[in-house]
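**Student:** Sequence and predicted model, in that order:
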Amino acid sequence: METAPQPEHEARVAEVRARIAELVEGDPSPAERALVLRLLRSFTAKTPDAVDLLARSLEAGDPEPVSEHAHSLKGSAANIGAIRLAALCAAVEDRARAGTVADPGPTAERLRAEVSGALTAVRAVTAHYER
């Protein structure tokens, strides 16, 4: 598996941390820390299946499920601070809502690369909150 270049990784980590900081201010309480960990772990656990589902929908070429799956993944990504993934999903969703499906192969490849970077960043932030 290819790793993200360091500046990109650091930017992704900063984006996730910024989003978490919006959810909990300062030093989080034990309950807030547990909530953050559940959110981070849920994203890590569910995102690979979500991107697989979106990739299969792209391959099928039907705009409606592509729009639905891209919208769902966009929301999850935005909720966790994976801004780049959310933006990519938004572009896929917008195109599908307009009635067209992006070229499945290259689009799925870009999605998987961005998911990989987002997951690496989320895991780094998770490790911080686990300490």
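**Tutor:** Thanks, I have it.

**Student:** Which helix or strand contains the nearest residue to R97 once chain neighbours are set aside?
**Tutor:** Counting by C-beta to C-beta, 6 or more residues apart in numbering, R97 lies nearest to S67, which is 5.1 Å off, once chain neighbours are set aside. In this view, the C-beta of every residue, glycine as well, is placed from N, C-alpha and C. Element membership of S67, judged by DSSP states H and E, is helix 63-80.

**Student:** Can you pull the poorly scored residue ranges out of the protein?
**Tutor:** 1-5 (pLDDT under 70).

**Student:** Which stretches in it count as helices?
**Tutor:** Listed in chain order, the helices of the chain (DSSP state H) span 6-23, 30-60, 63-80, 83-97, 104-130.

**Student:** In TSV, list those helices along with mean neighbour count.
**Tutor:** Output for the helices of the chain, formatted as TSV (neighbours: other C-beta atoms under 10 Å):
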stretch	mean neighbour count
helix 6-23	15
helix 30-60	16
helix 63-80	20
helix 83-97	20
helix 104-130	18
